[in-house]
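Colleague: the sequence isn't on hand, but the structure is:
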Ligand SMILES: *Cc1c(COP(=O)(O)O)cnc(C)c1O
């Protein structure tokens, strides 16, 4: 069978030929309004026809700069060549069997790659799923089976998904949980080490905050849940939807030690932070933490739906045969895509690239902060950077209205940005790791102009 030709490469320039969204996008959006459920919100209704590198091309021919990667998914770029090649070959050979019915090699190869790339050199096993939320649900199932305990502890500002159990784990009510209860039981919430918003945070060192937040965590778990009832603590090493909250160094390691002392499993939810996003394969590495279980998805498969739980062999294998699975989990196309994406991450050294991107963003955003006292903090790691907007230097009142206006202004100028945060006052940047510098600089020029436009 003849291979399809690659689509022509997407020119790496921003170019606006209509307003954004343009007339063809607006036509499609009218169709959306009468066919798609309005509960599925849309950030920027510019309908995308093709994409590559750091550019999205919409149906009106506008070339938009991508600072979102479809929420940290297309780290290797959209329609990345190694992903396209492997998926095209795979789709012509075998599309589905259900791994639980009759297996195939791609699934095994992805689990081997996960064992090699995730933190720790212990014996590991993995199981594959379709979405991040599904991976998190399964991590909890596995932790409960292994420990024989039920309680799960999550953190303030956490995001773990939208299914029933993961809604319970997710902290933010609107829009994720509002009206959707009752939620799964035996989920408890502990304070997050959020330096900017820790009581008296401005006058304390990050070490002090790490200590105080750890003490508050232990106190909550001990008094309200009980160590011997707790199956797992689930943590995002850097919080994603919660606003790219970077806990102070040492806090995650304290949690990890505490968990292992008490037979509690530490689940690192690396669905957003994993696969080179923060400049390491996994964000836990930066903290020298080896989690018992790790959930992955987003960046792993270059845009195809794939998720995984990886963990200590004895933990993973505590589940009875047949206890884990699903019809589509680890679909052959998604596995082929993951193998292509991982190959790209290795050959292009995207960890090093993420660290370069951090430098570029940090210097530009620090300068922006000097101009605008509304930027309370520039934070993040690797190609996962954000600014949090507040009323002023000594007033941490969140500024969601200005944040939304800046976000909207960026959109109108052909830059795809995203907001985040419990208070909706964080502007976050997640460019594809393969974006060329000139697009990153131009995108940051647009951000700078948008701040000036909205805040003066
Ligand atoms: C996106 C995300 C999820 C949920 O993944 P879905 O594929 O949307 O279900 C879970 N945890 C974290 C940290 C995420 O960023």
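Modeller: Okay, I see it. This is a predicted model, so every value here is computed, not measured. Residues are numbered from 1 along each chain as shown.
Colleague: how about the contacts made by the residue nearest the centre of the chain?
Modeller: By CA atoms, centre = their mean, the mean C-alpha position of the chain lies nearest to residue 272, the distance being 1.9 Å. Residue 272 makes contact with 71-72, 236, 238, 240-241, 298, 384 under the criterion CB atoms under 8 Å, 6 or more residues apart in numbering. Where C-beta positions appear, they are placed from N, C-alpha and C, glycine not excepted.
Colleague: now those as CSV including secondary structure and pLDDT?
Modeller: As requested, these are arranged in CSV below (DSSP: H, G, I helix; E, B strand; the rest coil; pLDDT from 0 to 100):
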residue, secondary structure, pLDDT
71, helix, 98
72, helix, 98
236, coil, 98
238, coil, 98
240, coil, 98
241, coil, 98
298, helix, 98
384, strand, 98
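Colleague: show me which of those residues is closest to residue 209.
Modeller: Closest to residue 209 out of these is residue 238 (15.3 Å), distances taken as CB to CB.
Colleague: how many residues are close by the closest one?
Modeller: Residues lying near residue 238 (other CB atoms under 10 Å) number 27.
Colleague: can you tell me how far it sits from residue 416?
Modeller: Distance check for residue 238 against residue 416: by CB to CB, to the nearest Å, it reads 21 Å.
Colleague: cool, and residue 123?
Modeller: 42 Å.
Colleague: more neighbours: which of the two?
Modeller: Remark: of residue 123 and residue 416, residue 416 carries more neighbours, 24 against 11, as counted by other CB under 10 Å.
Colleague: show me where the stretch 251-400 of the chain has strands.
Modeller: Along the stretch 251-400 of the chain, the segments classed as strands by DSSP state E, counting those that start in this stretch run 265-269, 293-296, 307-312, 375-381, 384-392, 395-398.
Colleague: for the ligand, find the nearest of these.
Modeller: Smallest distance to the ligand across the strands of the stretch 251-400 of the chain (CB to the nearest ligand atom): 4.5 Å, for strand 265-269.
Colleague: for the stretch 201-350 of the chain, which residues are neighbours of the ligand?
Modeller: Within the stretch 201-350 of the chain, the residues that sit near the ligand (CB under 6 Å from any ligand atom) are 236, 240, 269, 271-272, 297-298.
Colleague: ok, of those, which one's closest to residue 178?
Modeller: Within the set of these, residue 240 lies nearest residue 178; the separation is 19.5 Å, counting by CB to CB.
Colleague: not counting its neighbours along the chain, what's nearest the closest one?
Modeller: Distances taken as CB to CB, 6 or more residues apart in numbering put residue 272 closest to residue 240, at 3.6 Å, once the chain neighbours are dropped.
Colleague: now do the contacts for residue 354.
Modeller: Counting by CB under 8 Å, 6+ apart, residue 354 touches 276-279, 382-383, 433.
Colleague: likewise for residue 342?
Modeller: 113, 117, 275, 300 are the contacts of residue 342 under CB under 8 Å, 6+ apart.
Colleague: could you double-check that residue 300 lies in contact with residue 306?
Modeller: Yes. At 5.7 Å, residue 300 counts as touching residue 306 under the criterion of CB atoms under 8 Å.
Colleague: and for the two, which residues touch both?
Modeller: Taking CB under 8 Å, 6+ apart as the contact rule, the neighbours common to residue 300 and residue 306 are residue 338.
Colleague: quick revisit: in TSV: the residues of the stretch 201-350 of the chain next to the ligand, plus distance to residue 29.
Modeller: Formatted as TSV, those follow (distance: CB to CB, whole Å):
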residue	distance to residue 29
236	33
240	27
269	33
271	29
272	28
297	28
298	26
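Colleague: find the closest residue to the ligand in the protein.
Modeller: Residue of the chain nearest the ligand, by CB to the nearest ligand atom: residue 132 (2.1 Å).
Colleague: confidence score at that residue?
Modeller: The model reports residue 132 with a pLDDT of 98.
Colleague: re earlier: filter the contacts of residue 272 down to the buried ones and hand me the ChimeraX line.
Modeller: Provided next is the ChimeraX selection string for whichever of the contacts of residue 272 are buried by 16 or more other CB atoms under 10 Å:
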select :71,72,236,238,240,241,298,384
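Colleague: which one of the contacts of residue 272 sits closest to residue 97?
Modeller: Distance to residue 97, by CB to CB, is smallest for residue 298 among the contacts of residue 272, at 25.3 Å.
Colleague: wait, the closest one touches residue 76, no?
Modeller: No. The pair residue 298 and residue 76 does not pass the contact test of CB under 8 Å, sitting 11.6 Å apart.
Colleague: buried set for the lengthiest helix in the chain?
Modeller: The helix that spans the most residues within the chain, counting by DSSP state H, is helix 350-371. Neighbour counts using 16+ other CB under 10 Å place 350-351, 353-355, 357-358, 360-361, 364-365, 368-369 of helix 350-371 among the buried residues.
Colleague: how about stretch 376-394?
Modeller: Buried residues in stretch 376-394 (16+ other CB under 10 Å): 376-390.
Colleague: how about stretch 410-420?
Modeller: Within stretch 410-420, the residues scored as buried using 16+ other CB under 10 Å are 410-411, 413-420.
Colleague: one step back: quick check: the residue nearest to residue 240 vs residue 73, distance?
Modeller: Distance, residue 272 to residue 73, by CB to CB: 9 Å.
Colleague: next one: residue 117
Modeller: As judged by CB to CB, residue 117 and residue 73 stand 17 Å apart.
Colleague: again, but for residue 157
Modeller: As defined by CB to CB, residue 157 lies at a distance of 21 Å from residue 73.
Colleague: picking that back up, and which of the contacts of residue 272 is nearest residue 315?
Modeller: Among these, and counting by CB to CB, the member closest to residue 315 is residue 236, at 19.8 Å.
Colleague: grab the nearest non-local neighbour of that closest one.
Modeller: Using CB to CB, 6+ apart, the nearest residue to residue 236 is residue 269, at 4.8 Å.
Colleague: partners of that neighbour in the sheet?
Modeller: Following DSSP bridges, residue 269 is listed with bridge partners residue 295.
Colleague: what about it, neighbour count?
Modeller: Residues lying near residue 269 (other CB under 10 Å) number 30.
Colleague: circling back to that earlier point, need the residues touching each of residue 272 and residue 73.
Modeller: Counting by CB under 8 Å, 6+ apart, the contacts common to residue 272 and residue 73 are residue 298.
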